[in-house]
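Chemist: generate coordinates for the sequence data below:
(3 chains)
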Amino acid sequence: MPELPEVETVRMGLEALLPGRVFKHVAHNNEKSFPNAETDVAAFLIGATVERVKRRAKVLLVELSSAYSLVIHLKMTGQLVFVSPEARFGAGHPNDSLVGELPDRSTRVTFTFADDSRLFFNDQRKFGWVRLIPTTEVPNIDFMRKVGPEPLDPTFTAEDFFERLQRRKNTSIKAALLDQSVIAGVGNIYADESLWGAKIHPATVVHTVSKQKIRTLFDELQYVLKLAIEKGGSSDKNYVNAEGKKGSYLSFARVFRREGLACPRCNTTIEKLRVAGRGTHICPHCQKLR
DNA sequence: CACTTGACCTGTCCGC
DNA sequence: TGCGGACAGGTCAAGT
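Modeler: Model (predicted):
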């Protein structure tokens, strides 16, 4: 599920809720969801205070007073939902939430704070993970060493984007966009949405796309990512923010999950195909191959 | 090295 | 209604 806008939405929610809280207890029921937890939890998590919550690519970084960080990847179906002691349910109106009473059967890790508020890491498919790592070591983990620039970093330019895409010059533009070492944070939804915006067919080979087209793609990518953050991300089956609420971007989507509906630009029927091994949505009139 | 495919898991939906 | 297969927002490892 979560791509950059969803993870950023969770980050903002947690940044408003967690700093100052002290960890009292942690329980997990799946070794892969929190590997090697026992060794360091007692020493560096219990009793530690949350200082701030950061994000890099699709990874959340919860920095602690112990000089350790909780590093969290939600992968496809991960959720981080905060519940205050007085709330019996994930906060929010029932119609706005995908979360019932917690913990539930997808809860993998439960963090309890000194004030009895709790943070639940739910993950239906068990692909996501939480790790406890010294904060100074975070930049050295494999993922961080290879991940590309943040697409919304003001110092990142269309020229940089063009150059980095050439690392994957013989693959499809969609595969290159999804490659986290080229650019951070883009996943299936925003790849399709930005390619539609730039009128590029997702299967187009990277080195055949003009620099001008890549500039347009750069602008469209920034546009959809910013809009999605504004809308609280995209929710289909699983994604919710730190308060258990859904995001609304999908009601603004132009092609993603809109096969059979009209292209908002030219009215042609949107099609679904498979590119880079992923379900891919295009307007066959606006996005022609070659 | 560059590129593609399958694996990791659980749940849901669709066609027979 | 039941059952098998395909598919789902992301990365890895292993294959060519």
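Chemist: against DNA strand C, how distant is A:E31?
Modeler: Using C-beta to the nearest atom of the strand, to the nearest Å, we find A:E31 at a distance of 16 Å from DNA strand C. C-beta here means a position set from N, CA and C on the backbone, and glycine is covered the same way.
Chemist: quick one: neighbours of that residue, just the number.
Modeler: 11 (other C-beta atoms under 10 Å).
Chemist: what are the phi and psi values for it?
Modeler: Backbone geometry at A:E31, expressed as degrees, to the nearest 10, gives phi -60, psi -40.
Chemist: please identify the residues of chain A in proximity to DNA strand C?
Modeler: Counting by C-beta under 7 Å from any atom of the strand, chain A comes close to DNA strand C at A:1-3, A:6, A:57-58, A:73, A:75-77, A:125, A:127, A:142-143, A:178, A:180, A:187-189, A:233-239, A:274, A:278-279.
Chemist: contact partners for the residue in the stretch 101-250 of chain A that DNA strand B sits nearest to?
Modeler: For the stretch 101-250 of chain A and DNA strand B, the shortest gap (C-beta to the nearest atom of the strand) falls at A:N170, measuring 2.7 Å. Under the criterion of C-beta atoms under 8 Å, 6 or more residues apart in numbering, the contact list for A:N170 reads A:V205, A:V206, A:H207.
Chemist: same thing but at 10 Å, please
Modeler: A:A176, A:V205, A:V206, A:H207, A:T208 (C-beta atoms under 10 Å, 6 or more residues apart in numbering).
Chemist: quick check, the first one in a strand?
Modeler: No - counting by DSSP: H, G, I helix; E, B strand; the rest coil, one finds A:A176 to be helix, located in no strand.
Chemist: now the strands for the stretch 101-250 of chain A?
Modeler: A:107-113, A:118-123, A:129-134 (DSSP state E, counting those that start in this stretch).
Chemist: now A:R52, what's its secondary structure?
Modeler: Classified using three-state DSSP, A:R52 is strand.
Chemist: distance of it from A:L4?
Modeler: 19 Å (C-beta to C-beta, to the nearest Å).
Chemist: what does chain A put close to DNA strand B?
Modeler: Within reach of DNA strand B by C-beta under 7 Å from any atom of the strand, chain A has these residues: A:32, A:105-106, A:124-127, A:167-172, A:175, A:237, A:276-277.
Chemist: now the helices for chain A?
Modeler: Secondary structure of chain A, counting by DSSP state H: helices at A:4-17, A:37-40, A:142-146, A:158-165, A:173-178, A:188-197, A:211-230.
Chemist: show me what the fifth one is packed up against.
Modeler: Read that as helix A:173-178. helix A:158-165, helix A:188-197, helix A:211-230, strand A:271-275, strand A:278-282 (3 or more C-beta pairs under 10 Å, 6 or more residues apart in numbering; DSSP states H and E).
Chemist: need the ones you listed in JSON lines (columns: mean pLDDT and mean neighbour count).
Modeler: Compiled in JSON lines, the helices and strands packed on helix A:173-178 are given as follows (pLDDT from 0 to 100; neighbours: other C-beta atoms under 10 Å):
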{"stretch": "helix A:158-165", "mean pLDDT": "97", "mean neighbour count": "17"}
{"stretch": "helix A:188-197", "mean pLDDT": "98", "mean neighbour count": "25"}
{"stretch": "helix A:211-230", "mean pLDDT": "98", "mean neighbour count": "18"}
{"stretch": "strand A:271-275", "mean pLDDT": "96", "mean neighbour count": "15"}
{"stretch": "strand A:278-282", "mean pLDDT": "97", "mean neighbour count": "21"}
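Chemist: those: which one's closest to A:L132?
Modeler: helix A:211-230 (27.7 Å; C-beta to C-beta).
Chemist: the closest one vs helix A:188-197, what angle?
Modeler: On the basis of axes from the mean of the first three to the mean of the last three C-alpha atoms, to 10 degrees, helix A:211-230 is oriented at 130 degrees to helix A:188-197.
Chemist: now render the strands of the stretch 101-250 of chain A as CSV, adding mean pLDDT.
Modeler: Converted to CSV, those look like this (pLDDT from 0 to 100):
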stretch, mean pLDDT
strand A:107-113, 98
strand A:118-123, 98
strand A:129-134, 97
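Chemist: among these, which is the most enclosed?
Modeler: Among the strands of the stretch 101-250 of chain A, strand A:118-123 has the highest mean neighbour count (mean count of other C-beta atoms under 10 Å), at a mean of 24.
Chemist: send me that one as CSV with only the CA atoms.
Modeler: In CSV, the C-alpha atoms belonging to strand A:118-123 read as follows (Å, rounded to 0.1, in the frame of the first residue of the first chain):
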residue,chain,number,x,y,z
ARG,A,118,-0.8,2.5,22.6
LEU,A,119,0.6,2.3,19.1
PHE,A,120,-0.5,-0.8,17.1
PHE,A,121,1.5,-2.1,14.1
ASN,A,122,-1.0,-4.0,12.1
ASP,A,123,0.0,-5.9,8.9
